[in-house]
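Student: Quick one: sequence plus predicted model below, questions after.
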Amino acid sequence: MNKKTLSILSYITIIGWIIAYVKSKDLTPKSDLVNYHLKQGFGIFLLSLATNIILSIVVTIVPSLYFLSYVGYAIFILWIFGIINAVNEQKKPIPVIGQLFENKFDFIN
């Protein structure tokens, strides 16, 4: 797989991320682009997981706050931005939250 494919795959579910992570180890020389998108993809996955768990608990306790579930759509839109950046082969952070993940997840390098 080439670096563009691996970058895109890093956003497609956690299984796609694992495949991209394993295949990125085979690349020579190592691709900064793939590592960057692996970090961004892992970050958005963790954010969406935490948001869904928290919102499920909050909406279960206080059903009148059901409108908070629309936060999931915002995360989906940010995920789309990440895929677009990967398709264009740009090392550009996901809007609003992407900079949080740039220097995290050292195991990806």
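Tutor: Everything's here; your move.
Student: Quickly note the distance from the residue sitting nearest the centre point of the chain to residue 17.
Tutor: Nearest to the centroid of the C-alpha atoms of the chain, with distances taken as Cα atoms, centre = their mean, sits residue 41, at 2.2 Å. Counting by Cβ to Cβ, to the nearest Å, the gap from residue 41 to residue 17 is 5 Å. Quick note: C-beta positions are derived from backbone N, CA and C, even for glycine.
Student: okay, and the common contacts of the two?
Tutor: Common neighbours of residue 41 and residue 17, using Cβ atoms under 8 Å, 6 or more residues apart in numbering, are 10-11.
Student: So what touches the worst-scoring helix or strand of the chain on mean pLDDT?
Tutor: Ranked by mean pLDDT, DSSP states H and E, the weakest helix or strand in the chain is helix 98-101, scoring a mean of 85. With Cβ under 8 Å, 6+ apart as the test, helix 98-101 has contacts from 39-40, 42-44, 82, 92-94.
Student: Redo the residues you listed as JSON lines? Include distance to residue 4.
Tutor: Formatted as JSON lines, the contacts of helix 98-101 follow (distance: Cβ to Cβ, whole Å):
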{"residue": "39", "distance to residue 4": "17"}
{"residue": "40", "distance to residue 4": "15"}
{"residue": "42", "distance to residue 4": "18"}
{"residue": "43", "distance to residue 4": "20"}
{"residue": "44", "distance to residue 4": "19"}
{"residue": "82", "distance to residue 4": "14"}
{"residue": "92", "distance to residue 4": "14"}
{"residue": "93", "distance to residue 4": "18"}
{"residue": "94", "distance to residue 4": "18"}
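Student: before we move on, back to that, check contacts around the residue nearest to the centre of the chain.
Tutor: Taking Cβ under 8 Å, 6+ apart as the definition, contacts of residue 41 comprise 10-11, 17, 20, 82.
Student: C-terminal to the helix ranked longest in the chain, which secondary structure element comes first?
Tutor: Using DSSP state H, we find that the single longest helix of the chain is helix 32-61. The first helix or strand that comes after helix 32-61 along the chain, using DSSP states H and E, is helix 71-87.
Student: What residue in the chain is the furthest from its centre?
Tutor: residue 64 (29.7 Å).
Student: Would you mind measuring from that residue to residue 52?
Tutor: Going from residue 64 to residue 52 by Cβ to Cβ gives 19 Å.
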